[in-house]
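> Sequence unavailable; structure follows:
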């Protein structure tokens, strides 16, 4: 049996909220993300530290300079409980955009600076690794579907990168790396 519905967004108006993502992690940690159009479009996020019984006030990744809008939120929690909030920024000009991310390693008490972690034209996805500090982020590749990279990011370990073909039919590739500085470009 499911519990009663719990409202996650703190919007009291009629703004549209769509493209919902949800992840769960250790010790009752959960994070949800959605595209939020209550005023300016943002990727909004809420988290729970008690298995979903209660949820936090909303935090967001807004549009940045040079961007047209943001959307396509993705969320993950790694094996150590670090939460990852990810969002796609679509640029005003050009055929690419930026995958942007912020993290919290203290159950949402504080959030990192929002950073662009990858240039990509569309739709990021995220999944938490079983280890502390490991998250998997993927995105649609170059315009026309020529490439679809897959990235591995870590807050510890040396920088490494590997590439492999992920689809013989469309020639997609996958890449991965680990970074010693948390989410440095």
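On my side now, so go ahead. All values derive from a computational prediction rather than experimental measurement.

> what's near enough to touch residue 3?
Listed by C-beta atoms under 8 Å, 6 or more residues apart in numbering, the contact set of residue 3 reads 52-53. The way it works is simple: take the backbone N, C-alpha and C, and place the C-beta from them, glycine included.

> And the helix or strand residue 75 falls within, how far out from the chain middle?
Assignment of secondary structure by DSSP states H and E places residue 75 within strand 67-77. Taking the mean of its C-alpha atoms, strand 67-77 sits 6 Å from the chain's own mean (C-alpha atoms, centre = their mean, to the nearest Å).

> partners of that strand, with directions?
Using DSSP bridges, strand 67-77 pairs in its sheet with strand 83-91 (antiparallel).

> for the record, mean pLDDT for the partner strand?
For strand 83-91, the mean per-residue pLDDT is 93.

> repeat for stretch 132-142
Confidence for stretch 132-142, expressed as mean pLDDT, is 77.

> what comes up buried for that stretch?
By neighbour count, and taking 16 or more other C-beta atoms under 10 Å as the criterion, the buried residues in stretch 132-142 are 133-142.

> now swap in stretch 16-27 and tell me
Neighbour-count burial for stretch 16-27 flags 21, 23, 25 (criterion: 16+ other C-beta under 10 Å).
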